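S.K.: below are the sequence and a predicted model; questions follow.
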Amino acid sequence: MEPETGLNLTIRQLHRQRPRNRFIRYSIGLMLGVIVLSWVLGDFFTGEVFNERRLQNLQRFLSELIPYPLQGRAFDWGIASDWAQNILAVHGLEAMVTTLAISIAAIVLAAIGSMPFTFLAARNLSTPEPFLPVIGKQPTAVPLTWRLVVGMTRLLLIFLRAIPEYVWAFLLLTILGISAWPIVLALALHNIGILGKLSSEIVENLPTASLSSLRSLGATRLQIFGAAVIPMALPRFLMFFFYRWETCVREATILGLLGFVSLGFWIQDARARNNYDEMFLLILLGATLIMVGDLVSAIARKVIRDAG
Amino acid sequence: MIKLSRRRWVIISIIIAGLWSAYVLDLGPGSLSTGAGGLALAGEFFSHALQPALHYESPVPTGTTPILLRSLHAAGWTVAFTATAISLALVFGLSFGFAASTAWWSEDLTARDTAWRRILAAYVAPAVYGITRILINLMRSVHELLWAVLLLAAFGINHLSAAVAIAIPSAGTLAKIFSEMIDETPRDAALAMRDAGATPLQIYFIGLLPRALPDITAYTLYRFECALRTSAVLGFFGFPTLGFYIAAAFENLHYAEVWTYLYALFALVALVDWWSGKVRRSMLLWNQRQV
């Protein structure tokens, strides 16, 4: 037993007063339970990852990652760079340009497409009297039809972003045939869901003073949206735009796995021909593209942040 | 005025880039129209959106699991791959996040009274920091599905490969964000501990980490949602998650069944989204009360 000094008492009091939240505790418990159950029931160790045949496979795989002309001989920069330049010239560079173009087209389309949803999903715009200055009395309840508009728009946005880009692309490629459109539309659909949600939250959190004053001057809903909401929300909207563009670059590289000629297509192609060295180089190209994209986005966001 | 024109430049560049990409990809209305066949297919597919299948569309052998039960089962597998991947990512993310933060070796938080401490702070720590940063970036820059392609080529199809494929980029991202969160945590408590003679490790685990914990939890939950979607997509590679059944039903032209699985995925993601949003909000309140 510890002696009951004044200090111990204080510590104990502090301990008793520590913030506790039952919901968070249950959530953490639930999470741990799910993780343990998944590890136990998920068949993760029955496959014998390291039996004899698998190890041989792995060894062959690793040895084939070395560029083909260099296999079984000393390393030589000249041969390696010839090999890499050949792959780049044949389809590497072109695939990188295509991947970049897909990501840009998709995010621009998503930004344009999310505008009407922003308009409908923001609770302070989707009311019969947006930004009516409150004088004296409490604002009246929003009618059911308007709440329905907000609710349905939000549900649609959740659905759009709940379905992964890859699934959208898979469905659209069959429906629209192989061109750039299905890939671009798939990326745009998913990102409309995300940008629509984020930008409607931005609009809801805007300071209302200037919006209300426009309203009291007799501006219509669309006039307020065009003249005040968009200019005020633009910097933060652009931040999200670039942040989502980074993920578009990531996704654009792999959507080629489905058959349109971005980087993923050639990665899949090299894998199918068992040219693991080429596949590895193309994966590295994709990684480079993503890193460059992150860098450009970081610079752009800094410019926007500094401009205020 | 300078401020305005800078932002305007950003927007003009975006428009030019958009036009350039439309040109490169040949994105005209002409390439969108696929003829009557494509249009009919699209109409047939989307007309099933409001009537997802509650039973299989074609006769199945007796004893097959009903479709609703099967989508529940697939949703369970989707969660299982996500949970294992995120638990792996959390362990590695926390350790790499520690190494990639400056808080355990920065000048104002560490004593440099002995020779080996000076060497540690001047040479060893920056090297560990730099190498970890590069490693994190490499892990992050290769997409989950490309890790899956690599791991499946190396190890063949097994469940652990799928979990690890999701875990690697998640761990990289978690490590990057964690290290930034810990470095941005207010350092008042840490400085007080340093003055009282605490070691860097004590400072890190008592003065810094607990304060960043709500943010860390919130971000981990966000990554959980992302991993959930990737896990569903891994079904396209042959794992028993929702993507597998979406692909199979679509290829058999059972569009109503496709919508059943799509709605199952939607329900799962929306549920996790709602739950993690609730946790994040109460974490935020908890943090405010703490400060």
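M.R.: Alright, I've got the coordinates.

S.K.: for the most centrally placed residue in chain A, give its distance to residue A:225.
M.R.: Residue closest to the average C-alpha location in chain A (C-alpha atoms, centre = their mean): residue A:247, at 4.6 Å. Distance of residue A:247 to residue A:225, given as C-beta to C-beta, to the nearest Å: 27 Å. The way it works is simple: take the backbone N, C-alpha and C, and place the C-beta from them, glycine included.

S.K.: quick one: low-confidence ranges for chain A?
M.R.: For chain A, the stretches flagged by pLDDT under 70 are A:1-4, A:19, A:46-50, A:72, A:134-140, A:308.

S.K.: identify, by residue count, the longest helix of it.
M.R.: In chain A, taking DSSP state H as the definition, the longest helix is helix A:276-307.

S.K.: now do the helices in chain B.
M.R.: So, for chain B - with DSSP H - the helices run B:2-25, B:29-32, B:35-47, B:67-99, B:115-119, B:125-141, B:144-155, B:159-184, B:188-195, B:200-202, B:209-233, B:242-251, B:255-290.

S.K.: report the buried residues of the first one.
M.R.: Okay, so that is helix B:2-25. The neighbour-count check on helix B:2-25 (16 or more other C-beta atoms under 10 Å in any protein chain shown) flags B:7, B:10, B:14, B:17-18, B:21-22, B:24-25 as buried.

S.K.: one more: the fourth one?
M.R.: For helix B:67-99, the buried set under the neighbour-count rule, 16+ other C-beta under 10 Å, comprises B:67, B:70-71, B:74-90, B:92-94, B:96-99.

S.K.: follow-up on the earlier one: and the longest helix of chain A, what does it pack onto?
M.R.: helix A:77-87, helix A:93-121, helix A:230-255, helix A:263-272, helix B:2-25, helix B:125-141, helix B:144-155 (3 or more C-beta pairs under 8 Å, 6 or more residues apart in numbering or on different chains; DSSP states H and E).

S.K.: turn these into a markdown table, including distance to residue A:210.
M.R.: Converted to a markdown table, these look like this (distance: least, C-beta to C-beta, whole Å):
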| stretch | distance to residue A:210 |
| --- | --- |
| helix A:77-87 | 56 |
| helix A:93-121 | 18 |
| helix A:230-255 | 8 |
| helix A:263-272 | 46 |
| helix B:2-25 | 17 |
| helix B:125-141 | 40 |
| helix B:144-155 | 44 |
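
S.K.: for residue A:189, find the nearest of those.
M.R.: Closest approach to residue A:189 among those is made by helix A:93-121 (7.9 Å; C-beta to C-beta).

S.K.: please compute how far the helix or strand following that closest one lies from its chain's middle.
M.R.: As assigned by DSSP states H and E, the chain's next helix or strand after helix A:93-121 is helix A:144-162. Distance, stretch centre to chain centre, for helix A:144-162: 20 Å (C-alpha atoms, centre = their mean, to the nearest Å).

S.K.: ok, stretch B:233-240 next?
M.R.: Using C-alpha atoms, centre = their mean, the offset of stretch B:233-240 from its chain centre is 17 Å.

S.K.: which ones are touching the closest residue to residue B:147 other than its chain neighbours?
M.R.: The shortest distance from residue B:147 to any non-neighbouring residue, by C-beta to C-beta, 6 or more residues apart in numbering or on different chains, is to residue B:165 (4.1 Å). Residues in contact with residue B:165 (C-beta atoms under 8 Å, 6 or more residues apart in numbering or on different chains) are B:85, B:144-145, B:147-148, B:150-151, B:234.

S.K.: one more time with 7 Å
M.R.: By C-beta atoms under 7 Å, 6 or more residues apart in numbering or on different chains, residue B:165 lies in contact with B:144, B:147-148, B:151.

S.K.: again with residue B:138
M.R.: So residue B:138 contacts residue A:287 (C-beta under 7 Å, 6+ apart).

S.K.: what does the stretch 151-291 of chain B put close to chain A?
M.R.: Residues of the stretch 151-291 of chain B lying near chain A by C-beta under 7 Å from any C-beta of the partner chain: B:153-156, B:158-160, B:163, B:229, B:232-233, B:236, B:243, B:246-247, B:250, B:262, B:265-266, B:269-270, B:279, B:282-283, B:286, B:289-290.

S.K.: can you list the residues of the stretch 1-150 of chain B near chain A?
M.R.: So far as C-beta under 7 Å from any C-beta goes, the stretch 1-150 of chain B lies against chain A at B:3, B:6-7, B:10, B:14, B:17-18, B:21-22, B:24-27, B:31-32, B:34, B:38, B:41-42, B:45, B:79-80, B:83-84, B:87, B:137-138, B:141-143, B:145-146, B:149.

S.K.: if we ignore the residues flanking it in sequence, what's nearest residue B:283?
M.R.: In this structure, residue B:283 finds its nearest non-sequential neighbour in residue B:214, 4.3 Å apart by C-beta to C-beta, 6+ apart.

S.K.: count the neighbours of the one you found for me.
M.R.: 21 (other C-beta atoms under 10 Å in any protein chain shown).

S.K.: residue B:198 now?
M.R.: Residue B:198: 17 neighbours (other C-beta under 10 Å).

S.K.: what distance do you get for it to residue B:185?
M.R.: 16 Å.

S.K.: could you do residue A:171 as well?
M.R.: 44 Å.

S.K.: check residue B:231 too.
M.R.: 31 Å.

S.K.: distance between the ends of stretch A:218-230?
M.R.: 18 Å (C-alpha to C-alpha, to the nearest Å).

S.K.: in that stretch, what counts as buried?
M.R.: Buried, per 16+ other C-beta under 10 Å, within stretch A:218-230: A:219, A:221, A:224-225, A:228-229.

S.K.: then stretch B:260-279?
M.R.: For stretch B:260-279, by 16+ other C-beta under 10 Å, it's B:260-266, B:268-269, B:272-273, B:275-276, B:279.

S.K.: got JSON lines for those residues, with pLDDT too?
M.R.: JSON lines is the format used below for these (pLDDT from 0 to 100):
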{"residue": "B:260", "pLDDT": "93"}
{"residue": "B:261", "pLDDT": "93"}
{"residue": "B:262", "pLDDT": "94"}
{"residue": "B:263", "pLDDT": "94"}
{"residue": "B:264", "pLDDT": "94"}
{"residue": "B:265", "pLDDT": "94"}
{"residue": "B:266", "pLDDT": "93"}
{"residue": "B:268", "pLDDT": "94"}
{"residue": "B:269", "pLDDT": "91"}
{"residue": "B:272", "pLDDT": "91"}
{"residue": "B:273", "pLDDT": "87"}
{"residue": "B:275", "pLDDT": "91"}
{"residue": "B:276", "pLDDT": "87"}
{"residue": "B:279", "pLDDT": "87"}
